[in-house]
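Colleague: Need coordinates for the below:
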Amino acid sequence: MKKILFLLLIVIGVRSQSTAQDYIDPLPSLKLYPGTVVTLDGTVINGYVYNNYKEKNQKQCLFYKEKDGRSERIYKPNELISYTIENTEYRSVNYDGTLRFGKPGKNFVFVAQPGAITTYAYYGSEKQIFWAKGNEAPVIGADLTLGFKKNINKLIGDNTALASKVEQKQKGYGMMNIIDIINEYNAQALAEKP
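Modeller: Numbers count the residues shown, from 1 in each chain. As a prediction, this is how the structure comes out:
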């Protein structure tokens, strides 16, 4: 049983990594970009954000009011809702890796694909993809391996037609089709927006 579980985790990890190529990546250049910060009260402040790239961007936001690099402010994940660097976004989320021992720490996590169900990328020793709906707890690949129907319903349960396809194990609506299921959910949610 342990071998099967281990193989499933590997398959989901590989599937997440291979399909992650469909998502946008963080900006690679270490420099100052136009950006914004969104404070905890929802205030949007325009300015410039220094791109520290991947792991460092998860720990802090280096914000400048002026392009000349003066008047720096360093924001931590518990001080902002989100921040943008040019056209990319980092959101403050309770997530610090896939291993869950105790309460996860708060980090700025890269938004790989926004939507009703947002796809996030966390950069630790390797890129980890996970999903969250609004401010709900994230669903990671291991969650889906250990209880696919239960955990996918945390994300898509309010779409009864889609949840029914998963429940009935229709072709194309299984664990290996998580990306397609989320994309279908997001497309339907966008079409239903007034």
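Colleague: Okay, domains of this protein per the record?
Modeller: The chain breaks down into these structural domains: 11-21+139-192, 32-133 (assignment by automatic domain parsing).
Colleague: Mean pLDDT lowest where, among these?
Modeller: Taking each of these in turn, the one with the lowest mean pLDDT is domain 11-21+139-192, at a mean of 83.
Colleague: so what's the residue positioned nearest the centre of the chain closest to, chain neighbours aside?
Modeller: Central residue of the chain (Cα atoms, centre = their mean): Tyr120, 1.5 Å from the mean position. What sits nearest to Tyr120 in space, not counting adjacent residues and going by Cβ to Cβ, 6 or more residues apart in numbering, is Val109, at 4.6 Å. Bear in mind the C-beta positions are built from the backbone N, C-alpha and C, glycine included.
Colleague: Quickly list what the one you found is bridged to.
Modeller: Residues found in beta-bridge contact with Val109 (criterion: DSSP bridges) are Arg91.
Colleague: how many neighbours does Ile81 have?
Modeller: Burial of Ile81, expressed as a neighbour count using other Cβ atoms under 10 Å, amounts to 16.
Colleague: what's the distance between it and Val44?
Modeller: Look at Ile81 and Val44: by Cβ to Cβ, to the nearest Å, they are 10 Å apart.
Colleague: Give the residues shared as contacts by these two.
Modeller: Val38 (Cβ atoms under 8 Å, 6 or more residues apart in numbering).
Colleague: Can you show me the helices along this protein?
Modeller: 2-19, 54-59, 141-146, 148-156, 160-167, 178-192 (DSSP state H).
Colleague: So which of these is nearest Leu40?
Modeller: Leu40 sits nearest to helix 54-59 of all the helices of the chain, at 17.8 Å, using Cβ to Cβ.
Colleague: Quick check: buried residues in that closest one?
Modeller: Residues of helix 54-59 classed as buried: 54, 57-58 (neighbour count, 16 or more other Cβ atoms under 10 Å).
Colleague: For it, which helices and strands make contact with it?
Modeller: The helices and strands touching helix 54-59, judged by 3 or more Cβ pairs under 8 Å, 6 or more residues apart in numbering; DSSP states H and E, are strand 106-113, strand 117-123.
Colleague: counting contacts, what elements does the last one pack onto?
Modeller: Using 3+ Cβ pairs under 8 Å, 6+ apart, the elements in contact with strand 117-123 are helix 54-59, strand 88-94, strand 106-113, strand 127-133, helix 178-192.
Colleague: what angle sits between the last one and strand 127-133?
Modeller: Following axes from the mean of the first three to the mean of the last three Cα atoms, to 10 degrees, one obtains 40 degrees for the angle between helix 178-192 and strand 127-133.
Colleague: who's the closest residue to Gln113 other than its chain neighbours bridged to?
Modeller: If you skip the residues right next to it in sequence, Gln113 has Thr119 as its closest partner in space, 4.0 Å away by Cβ to Cβ, 6+ apart. Counting by DSSP bridges, Thr119 is bridged to Gln113, Trp131.
Colleague: so what's Thr119 up against?
Modeller: 23, 111-113, 129-131, 182.
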